[in-house]
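Enquirer: Starting from these lines, generate the structure:
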Amino acid sequence: MIVTLDDVSHQLHLHTEGRLLDHDNPLSKNDVVDLMVELLEDDVVESEYQMKSTNGAHERLSWLGKDFKLRLKATYAAEEDRNDDEMF
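Expert: Numbers count the residues shown, from 1 in each chain. Coordinates of the predicted model:
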């Protein structure tokens with residue numbers, strides 16, 4: 001089975017359009033930390049650690065997977081709470 005970027009986009013409800021990588025204007029590590037904090041709601045210290053541990057302006061896939069699982073659990077818990085509230 002092959003998973004495409006389009007598959008991921010649909011599953012995660014992420015809008016993917018335009019150039020995936022723009023090496024003409026690479027982001028600095030500080031820019032990436034700012035984006036991680038803003039878009040992924042990551043902690044500044046954790047984001048800076050990721051930049052240092054990967055030796056580049058990117059995230060480890062394992063970290064993103066853990067973050068996604070935590071967000072998924074929170075979403076399920078919120079849905080269960082909403083369903084419990086609707087019963088009464």
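
Enquirer: any idea which residue sits dead centre in the protein?
Expert: The geometric centre of the chain, computed from its C-alpha atoms, lies nearest to residue 40 (Cα atoms, centre = their mean), at 4.9 Å.

Enquirer: lowest average confidence, helix or strand, in the chain?
Expert: For the chain, the helix or strand with the lowest mean confidence is helix 5-12, at a mean of 74 (criterion: mean pLDDT, DSSP states H and E).

Enquirer: circling back: could you check how far the residue nearest to the centre of the chain is from residue 27?
Expert: 14 Å (Cβ to Cβ, to the nearest Å). C-beta coordinates here come from the backbone N, C-alpha and C atoms, glycine included.

Enquirer: do the same with residue 62
Expert: Distance from residue 62 to residue 27, by Cβ to Cβ: 21 Å.

Enquirer: Check the burial of residue 46 by counting its neighbours.
Expert: 15 (other Cβ atoms under 10 Å).

Enquirer: Buried residues, the host helix or strand of it. List them.
Expert: Per DSSP states H and E: residue 46 is located in helix 44-54. Buried residues in helix 44-54, counted by 16 or more other Cβ atoms under 10 Å: 47, 48, 50, 51.

Enquirer: What distance do you get for the first one to residue 29?
Expert: Meaning residue 47. 9 Å.

Enquirer: ok, now the last one?
Expert: Taking Cβ to Cβ as the criterion, residue 51 is separated from residue 29 by 5 Å.

Enquirer: cool, and the third one?
Expert: Here the criterion is Cβ to Cβ. By it, residue 50 lies 10 Å from residue 29.

Enquirer: helix or strand right after the helix holding residue 46?
Expert: Assigned by DSSP H and E, the successor of helix 44-54 is helix 61-87.

Enquirer: State the mean pLDDT of that next one.
Expert: Helix 61-87 comes out with an average pLDDT of 80.
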